[in-house]
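In: Predicted model and sequence below, questions to follow.
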2 protein chains.
Amino acid sequence: MATSTSTLKRTRRNLPAAERREALIDCAQSLFFSKGYEATTIADIIARAEVSKGGFYHHFSAKEDLLEAVVARMTAAIIEQSRDVLANPGLDALERLNRFLHRTSDWKVDNARRLASVSRALLAQENTLLFQRILAAVTQTIQPLLLGIVKEGVEEGVFDVADPNLAAEVLVSLSHARREVIHDAIVMAEAGDVASGVRRIETRMKAETATIERLLGVASGSLVLVPKGAVRKMLAALAAAR
Amino acid sequence: MATSTSTLKRTRRNLPAAERREALIDCAQSLFFSKGYEATTIADIIARAEVSKGGFYHHFSAKEDLLEAVVARMTAAIIEQSRDVLANPGLDALERLNRFLHRTSDWKVDNARRLASVSRALLAQENTLLFQRILAAVTQTIQPLLLGIVKEGVEEGVFDVADPNLAAEVLVSLSHARREVIHDAIVMAEAGDVASGVRRIETRMKAETATIERLLGVASGSLVLVPKGAVRKMLAALAAAR
DNA sequence: CTATAAACCGACCGACGGTCGGTCTGCAAT
DNA sequence: ATTGCAGACCGACCGTCGGTCGGTTTATAG
């Protein structure tokens, strides 16, 4: 007679673990973004990924584990591309700092659209947890890097800083606080008002530049937080694609 | 025959709503501190408070509501005592800033023991959420206050700052980052090593003072983040009480 | 063809946040 | 004193959700 296996899903496909994992992370990320981590159910995720409960728990030990995987994947790119900052031995600390900052903003220009949607999702009320995790992960990579640059700058006599640790801390926290401004500008650009968005960001950047120059004790004008025209380019891309 | 009320709790006492609420918040806070918000169950709370499920939900609409109440009560004191900073009209901005900072550190000296236990609890891994909520609440009060002072200072010509908003932001984030250092020092003091703790905090404070002086464009030495001897007094109180 | 490991299934479980119909208490008006 | 009422309080019950487990299916190596 018919066993309990009679109505088995015929769509079952064994995937290599890495692929399944990736697929699950995809679904989870998209759901986390739209509903938030807490409000997203394992049932939601496995429904979208077309995997059973057991299948899910074969790849992840807990919901928390999945969260970590999402954060890890999101931060991997940033962490990876930051790692080779130390690879320019010929440059002094100030130049290195500028390069480092530019690479970040170059990425933002290239990935404007993705940045916009991620930014929207993460600043939402229900996503504090996810956002916090990402900030923590990024900080953990970026801060030591910046600390290294600052320390080197002090040794070279390029920077004048009492406590490199504190300086690195401030640099990181400034970059985090910046996101809010960037998000505002994105909203403006997506509404078609690129000019306002550009103004918003550049005002902020100007103030930040002055602040950091003072903080590091370098001459006014020697620091370039973001390349000329980069802001406009990024926001224009958004306005064009709306 | 015996109705369903036969085994009613004889210890039931109707309290005024405010008192019950307070009692529940007490229990919740203590449990949140020791186990974290997520790990604390409504069942835990009502068991300790000796109140039924229904009784609890008569006073709070949800667990989240209780969290808000805990945060509100914890931040109420800080918010309250900060409010009258604007009440010294005769002083210039620099003086006002110093007063404001001193009041904060005075409070820390007076409440060293409580500060120690709260600090321990909030920096624990499982309490990120609670900590974040408190930071947000405090920031929301403190930052506008500092912004006011900075703006006034700029008008008076006492401060030289491009963007008062940014300056206020940095001031707040510095004060938040400070907690970690303070916590380290508390641990040292409680282990009996007051000297190391004092050194740790004062090194940090010195660097912060220099940073803020640069940030605000005031002369070196004009800012006094923390009154002389305050750090030692606070940590000594902890060492004595261990 | 068979053995073995890994991918996958889905019924089931216990815990937890939250609800609901009702009871009990204190107090004010009669 | 009695009654009526509001609101403090009770606890059985519910739906949901994260997580488990015994077992089945698929892929692969020998």
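Out: Everything's here; your move.

In: Helix, strand, or coil at A:Asp84?
Out: helix (DSSP: H, G, I helix; E, B strand; the rest coil).

In: That one: neighbour count?
Out: For A:Asp84, the neighbour count with other CB atoms under 10 Å in any protein chain shown is 9. Yep, even glycine has a C-beta here, placed from its N, CA and C like the rest.

In: Could you do the one 4 residues further on as well?
Out: Each residue near A:Asn88 was counted by other CB under 10 Å, and the total is 12.

In: who touches it in this structure?
Out: By CB atoms under 8 Å, 6 or more residues apart in numbering or on different chains, the contact set of A:Asn88 is A:95-96, A:99.

In: Scan these and report the most crowded one.
Out: So for the contacts of A:Asn88 (other CB under 10 Å), the most neighbours sit at A:Arg96, 22 neighbours.

In: Give the rounded mean pLDDT of stretch A:169-182.
Out: If you average the pLDDT over stretch A:169-182, you get 94.

In: in that stretch, what's buried?
Out: Buried residues in stretch A:169-182, counted by 16 or more other CB atoms under 10 Å in any protein chain shown: A:169-175, A:177-178, A:181-182.

In: before we move on, back to that, tell me the one among the contacts of A:Asn88 nearest to DNA strand C.
Out: Taking CB to the nearest atom of the strand as the measure, DNA strand C lies nearest A:Arg99 of the contacts of A:Asn88, at 41.0 Å.

In: Next one: that closest one relative to B:Glu68, how far apart?
Out: 45 Å (CB to CB, to the nearest Å).

In: and if you look at A:Val198?
Out: 38 Å.

In: Could you point out which of the contacts of A:Asn88 is nearest to A:Glu19?
Out: A:Arg99 (36.2 Å; CB to CB).

In: Counting neighbours, which bits of the helix or strand the closest one falls within end up buried?
Out: With elements taken from DSSP states H and E, the one containing A:Arg99 is helix A:93-110. Neighbour counts using 16+ other CB under 10 Å place A:93-94, A:96-98, A:100-101, A:104-106, A:108-109 of helix A:93-110 among the buried residues.

In: and the buried residues of stretch A:169-182 near chain B, which?
Out: A:169-170, A:173-174, A:177 (CB under 8 Å from any CB of the partner chain).

In: residues in contact with the residue nearest to A:Val150 when sequence neighbours are not counted?
Out: Nearest residue to A:Val150 in three dimensions, chain neighbours excluded: A:Pro164, at 4.3 Å (CB to CB, 6 or more residues apart in numbering or on different chains). For A:Pro164, the contact set (CB under 8 Å, 6+ apart) comprises A:147, A:150-151, A:154.

In: tell me the SS of A:Ser153?
Out: One correction, residue A:153 is Gly, not Ser. Going by three-state DSSP: A:Gly153 is helix.

In: which residue is nearest the middle of chain A?
Out: A:Thr75 (6.0 Å; CA atoms, centre = their mean).

In: what about that residue, distance to B:Glu152?
Out: A:Thr75 sits 41 Å away from B:Glu152 when distances are taken as CB to CB.

In: returning to what we had before: from the ones next to chain B among the buried residues of stretch A:169-182, pick the one nearest B:Met188.
Out: A:Glu169 (20.4 Å).

In: Figure out the helix or strand that the residue nearest to that closest one when sequence neighbours are not counted lives in.
Out: With CB to CB, 6+ apart as the criterion, A:Glu169 has its nearest non-adjacent residue at 5.5 Å, and that residue is B:Ala177. Here B:Ala177 sits within helix B:164-190, counting by DSSP H and E.

In: so after that helix, what's the next helix or strand?
Out: Next in line after helix B:164-190, if elements are assigned by DSSP H and E, sits helix B:194-216.

In: Off-centre distance for the helix or strand following that following helix?
Out: Counting by DSSP H and E, the next helix or strand C-terminal to helix B:194-216 is helix B:230-240. Distance of helix B:230-240 from the chain centroid (CA atoms, centre = their mean, to the nearest Å) equals 19 Å.

In: what's the average pLDDT for helix B:230-240?
Out: In this model, helix B:230-240 carries a mean pLDDT of 95.

In: mind giving me the domain split of chain A?
Out: A:17-66, A:91-240 (automatic domain parsing).
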